[in-house]
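>>> Fold the following for me, if possible:
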Amino acid sequence: MVFFGEFHISLTTGNRVALPKKIREQLDNHTFILTKGFDFCLSGYRTQDWEKKAKELMNSSLLDKTDIRKKRIMFSSAVYLEFDNQGRFILPKNLLDFAGIQKEVVIIGVGDHFEIWAKENWEVYQNQDDNE
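Okay, here's the model as predicted:
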């Protein structure tokens, strides 16, 4: 199973987001894990994929500052979320603030996970020069 595609969605009252059907179909039991990603986006994982990633992170060096930073960011911000039959879930405030999400989001598939971006941040990211 691979996450792919780009979907533009409006945030609704109460900071709710509706996952696109193509994303929902890849998730089991109406649950997923959401955490801070890189470049100020949010990363969503299938539960079983998150468990694999967590084990990889747990095996990283305690002496490497980069590895410690990744562990702190990923684990401290990770939440298990459930969505309803329409794919709706509430975005936690700390993740909403981290990603700068206000009204519109873009959900993109990135192979083994999906990302949720503030629309403006996604547009800026796409227009960056690869050499930056």
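>>> Just the endpoints, please. Distance across stretch 30-44?
End-to-end distance for stretch 30-44, by CA to CA, to the nearest Å: 13 Å.
>>> what about stretch 3-18, how long is it end to end?
Start-to-end, stretch 3-18 (CA to CA) is 16 Å.
>>> hmm, who's touching that stretch?
The contact list for stretch 3-18 (CB atoms under 8 Å, 6 or more residues apart in numbering) reads 20, 22-23, 26, 86-91, 93, 96, 101-114, 116, 119. Where C-beta positions appear, they are placed from N, C-alpha and C, glycine not excepted.
>>> In helices only, show me the residues you listed.
Among the contacts of stretch 3-18, the members found in helices (DSSP state H) are 22-23, 93, 96, 119.
>>> quick check, nearest of those residues to M74?
Distance to M74, by CB to CB, is smallest for L96 among the ones in helices among the contacts of stretch 3-18, at 17.6 Å.
>>> And the ones in helices among the contacts of stretch 3-18, which of them are buried?
For the ones in helices among the contacts of stretch 3-18, a burial check counting by 16 or more other CB atoms under 10 Å picks out 23, 96, 119.
>>> Turn these into JSON lines, columns for pLDDT and distance to V79.
Listed next are those as JSON lines, based on pLDDT from 0 to 100; distance: CB to CB, whole Å:
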{"residue": "I23", "pLDDT": "95", "distance to V79": "17"}
{"residue": "L96", "pLDDT": "96", "distance to V79": "12"}
{"residue": "K119", "pLDDT": "97", "distance to V79": "22"}
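>>> For the residue lying closest to E120 once chain neighbours are set aside, give me the backbone phi and psi.
Using CB to CB, 6 or more residues apart in numbering and skipping residues adjacent in sequence, the residue nearest E120 is G100, 7.4 Å away. When quoted as degrees, to the nearest 10, the phi and psi of G100 stand at phi 70, psi 30.
>>> and the helix or strand of the chain with the lowest mean pLDDT, which residues are buried?
Least confident helix or strand, the chain: helix 65-77 with a mean of 83, by mean pLDDT, DSSP states H and E. For helix 65-77, the neighbour count (16+ other CB under 10 Å) marks 71, 74, 77 as buried.
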